[in-house]
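Chemist: Okay, sequence plus prediction incoming.
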Amino acid sequence: MAGGHPVPRPLTILSVSKLTDVPKRILIGRALRSDRLGETLLPKRIALPVFASDPLSSVAYAPGEVLLVLSIAGVSAYHFSPWIAVAVVVLMFTVVASYRQNVHAYPSGGGDYEVANTNLGPKSGLTVASALLVDYVLTVAVSISSGIENLGSAIPFVIENKVLCAIGVIVLLTLMNLRGVRESGALFAIPTYVFVVGVFAMIAWGAFRGLVLGDTMKAPTADFHIEAEQQGLAGFALVFLLLRAFSSGCAALTGVEAISNGVPAFRKPKSKNAGTTLAMMGLLAVTMFCGIIGLAMASNVRMAEHPATDLLENGVAVGADYVQNPVISQVAEAVFGDGSFMFVVLAAATALVLFLAANTAYNGFPLLGSILAQDRYLPRQLHTRGDRLAFSNGIVLLAGAAGLLVWFYGADSTRLIQLYIVGVFVSFTLSQTGMVRHWNRHLATERDQAARRRMYRSRAINTFGAFFTGLVLIVVLVTKFTHGAWVALLGMVIFYAIMSAIRKHYDRVAEEIAAPEGPSDDVVRPSRVHSVVLISKIHRPTLRALAYAKLMRSHTLEALSVNVDPAETKALREEWERRGIDVPLKVLDSPYREITRPVIEYVKNLRKESPRDAVSVIIPEYVVGHWYEQLLHNQSALRLKGRLLFTPGVMVTSVPYQLESSEVAKRRARKQQEWNAPGAVRRGPAEERPKEPTTPKG
């Protein structure tokens, strides 16, 4: 048969390890053995920036969100901001105290999902999981978009290409996290701590200047006026505005739940270290949030939802060219002075920590995805650790989803942040409700009075947390639904539906493949085996496949070819007879020059004639060593192999034939480090493996 015709040539195998492994090692590092998992566990000083960078960095935009909403009623409404800050602080302490109960009661890393699933049932657990997955994706999108906008105020190129830059940062963070949580945590710790120290220095110096020295600090927008969108708000309208401002300020709480999901990543004692880290995070976040709100009031910061038209300078709108800097930037300029060393350090640390805030999601999302995969709600690949002992598939999935969101919303943090918060308060509320049931269940059996007192106290904390977070959830839904919260709810519904469908699929497959107690068709030996060797011409791969087929001692054996070129078919028959090959040759006619359909129909007919018999189809394969050689060989047999796999009662066997280029590839592969080989993580480096015993000569 002519080489140009779509005949069933032997398959080819492409070894791509050389192409993919070297760049992979350069980007994410050398593979780690499974027994080195303990080395990736985090001490508290590293766990704090890893898991708490999101709530800590939210002080860079949460105060601004409060002022932006209040500006709708004009500058006069700003005097409500301290009271809103107090409400946020009370909520933060409530949530932190509640989650300290979670990490001690459920240290396995399931967090809100495990609590809700165990105590409220699978549907509640899946609802929490959907909410958290959406929130993690939004955390990456919002944090990075906000960071790009902060950086863009100093570097015009960044703001002009903010979508591209934001996706570039997502790629960079993904590579860092693929290297492993310990390395990424150590890398991210420095800018996070610089940011925290910088904010506290700004609060302390601002308080000293204002309270001790009596200096007047003025923000760059202090002399601006705000054109109120709604004049003279009172009654329900004012209450609604304050509730909306409060719900925007609740952005400071996002990421709190990540610590309860990440307990397994802590060093022992895991629960104690996670609880301590949670308390440290809450104390730092509320202090920074309140300090920035206070300094913003003292320095007369002015913010507006639509600065181009609502901000007035000398009675004239500032115009579309005006860039509204974040609250923290304006406060830093008022306290330290524009262009001062501390101002530059804090500005740089703020932009960087906003990028790194996404790291909270990069640690929470893969851990949660692994647990959901173990429970068969997500693909099993998400449960597997990668070469660097991180959940690589979950990291890549998170990056892809966040990248799509950034691209769709144009890396606009103002639009993205409206989608925020809903998911996290859904998980807060259901988790705390589940904890109340948890304590009720244990109190029903516990008889020790000291233990019962601790449980009563814990239940009271979780009851108050469930009530308060449920109230906030209602506020968030009412005030933010039309501003974008509906998109987050839609995302939750989509995740819920997908995970439910995946679980149904896995359950159906498990039921279908479960081993029966009695005899079945799958365990009863077939009456006979018919072996069929697919050939196109007589060459070494064909002869090897025929020799292998003879070793199988099948009841019947025949060679099968498809007649798409009469001249080549005639030549094949003549050579077959000349060589005296003792295997019958069967040639199928194909008037339309198809190959796959005649073979499939022939095999099905064999099965139809003898349903209790098995058919073994044997296919020769070429093994090549270069990627470009793969393009030079016919792939029709590959399609045929794929179709045969869907034919019941048919076994497909590949017989490889190695070409010279495959030997070159083999020698090249031997020169690579053994940790590149499959299973190396389990076996460990060659020098650490036990030597094979040798038999003494003589």
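Modeler: Perfect, thanks for sending it.

Chemist: which residues in the stretch 301-450 of the chain form strands?
Modeler: For the stretch 301-450 of the chain, the strands defined by DSSP state E, counting those that start in this stretch occupy 311-313, 316-317.

Chemist: what's the most buried one of those?
Modeler: The highest mean neighbour count among the strands of the stretch 301-450 of the chain belongs to strand 311-313 (a mean of 17), with neighbours defined as mean count of other Cβ atoms under 10 Å. (C-beta placed from N, C-alpha, C; glycine too.)

Chemist: Spatially central residue for the chain, please.
Modeler: Note on the chain: the residue nearest the mean C-alpha position is L398, at 2.9 Å, using Cα atoms, centre = their mean.

Chemist: quick revisit: among the strands of the stretch 301-450 of the chain, which is nearest S98?
Modeler: Taking Cβ to Cβ as the measure, the strands of the stretch 301-450 of the chain were each checked against S98, and strand 311-313 came out nearest at 39.8 Å.

Chemist: mind listing what the closest residue to D112 other than its chain neighbours touches?
Modeler: The shortest distance from D112 to any non-neighbouring residue, by Cβ to Cβ, 6 or more residues apart in numbering, is to S431 (3.9 Å). When the contact criterion is Cβ atoms under 8 Å, 6 or more residues apart in numbering, the partners of S431 are S98, N102, G111, D112, V115, A116, V128, E257, S260.

Chemist: could you say what helices and strands whatever helix or strand the first one lives in packs with?
Modeler: Secondary structure assignment for S98, by DSSP states H and E: helix 81-105. Helices and strands in packing contact with helix 81-105 are listed as helix 62-70, helix 111-120, helix 236-249, helix 257-261, helix 270-298, helix 422-443, helix 449-480; criterion 3 or more Cβ pairs under 8 Å, 6 or more residues apart in numbering; DSSP states H and E.

Chemist: Mean pLDDT and distance to L490 for these - can I get that in TSV?
Modeler: Written out in TSV, the entries for the helices and strands packed on helix 81-105 read as follows (pLDDT from 0 to 100; distance: least, Cβ to Cβ, whole Å):
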stretch	mean pLDDT	distance to L490
helix 62-70	83	22
helix 111-120	85	20
helix 236-249	79	19
helix 257-261	71	21
helix 270-298	87	29
helix 422-443	87	11
helix 449-480	85	13
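
Chemist: Next, give phi and psi for L588.
Modeler: The phi/psi pair for L588 (degrees, to the nearest 10) reads phi -100, psi 130.

Chemist: can you pull the contacts of it?
Modeler: Contact analysis of L588 by Cβ under 8 Å, 6+ apart lists L560, S561, V562, N563, P598, V599, Y602.

Chemist: strand partners of the one helix or strand the second one maps to, parallel vs antiparallel please.
Modeler: It refers to S561. Using DSSP H and E, S561 falls within strand 556-563. Partner strands for strand 556-563, per DSSP bridges, with pairing direction: strand 529-534 (parallel), strand 585-589 (parallel).

Chemist: CA atoms only for that strand - export them in PDB, please.
Modeler: The C-alpha trace of strand 556-563 is given here as PDB (Å, rounded to 0.1, in the frame of the first residue of the first chain):
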ATOM      1  CA  THR A 556      -7.500 -18.700  16.400                       C
ATOM      2  CA  LEU A 557      -4.900 -16.300  14.900                       C
ATOM      3  CA  GLU A 558      -5.200 -14.300  11.700                       C
ATOM      4  CA  ALA A 559      -3.600 -11.200  10.100                       C
ATOM      5  CA  LEU A 560      -5.900  -8.500   9.000                       C
ATOM      6  CA  SER A 561      -5.400  -5.800   6.400                       C
ATOM      7  CA  VAL A 562      -7.700  -3.300   4.600                       C
ATOM      8  CA  ASN A 563      -7.700  -3.100   0.800                       C
END
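
Chemist: buried sites along it?
Modeler: Of the residues in strand 556-563, L557, A559, L560, S561, V562, N563 count as buried by neighbour count, 16 or more other Cβ atoms under 10 Å.

Chemist: Repeat that for stretch 448-465.
Modeler: Quick answer for stretch 448-465 (16+ other Cβ under 10 Å): M455, S458, R459, I461, N462, T463, G465.

Chemist: quick check: domain ranges of this structure?
Modeler: Residue ranges for the structural domains of the chain, counted by automatic domain parsing, are given in the record as 41-416, 527-678.

Chemist: right, and the ones you listed - which one's nearest V475?
Modeler: Taking Cβ to Cβ as the criterion, V475 comes closest to domain 41-416 out of the domains of the chain, the separation being 4.9 Å.

Chemist: just the helices in the stretch 551-698 of the chain please.
Modeler: With DSSP state H, counting those that start in this stretch applied, the stretch 551-698 of the chain shows helices at 566-579, 596-609, 627-630, 636-644, 660-670, 680-683, listed in chain order.

Chemist: These: lowest mean pLDDT?
Modeler: The stretch with the lowest mean pLDDT among those is helix 680-683, which comes in at a mean of 40.

Chemist: got a markdown table for the strands paired with strand 556-563, with mean pLDDT and distance to E333 too?
Modeler: As requested, the strands paired with strand 556-563 are exported to a markdown table (pLDDT from 0 to 100; distance: least, Cβ to Cβ, whole Å):
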| stretch | mean pLDDT | distance to E333 |
| --- | --- | --- |
| strand 529-534 | 90 | 76 |
| strand 585-589 | 91 | 82 |
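
Chemist: Identify, out of those strands, the most deeply packed stretch.
Modeler: strand 529-534 (a mean of 22).

Chemist: For it, give me every contacting residue.
Modeler: Outside strand 529-534, the residues within contact range by Cβ under 8 Å, 6+ apart are 8, 542, 545-546, 549, 552, 554-561, 583, 599, 603, 606, 610, 613-620, 637, 640.

Chemist: any idea of the angle it forms with helix 596-609?
Modeler: Computed with axes from the mean of the first three to the mean of the last three Cα atoms, to 10 degrees, the direction of strand 529-534 lies at 170 degrees from that of helix 596-609.

Chemist: Quick check: the nearest residue to I292 once chain neighbours are set aside vs L477, distance?
Modeler: Distance criterion Cβ to Cβ, 6+ apart; nearest residue to I292, sequence neighbours excluded, is P63 at 4.8 Å. For P63, the distance to L477 (Cβ to Cβ, to the nearest Å) stands at 23 Å.

Chemist: Since that was my last question, I'll sign off now.
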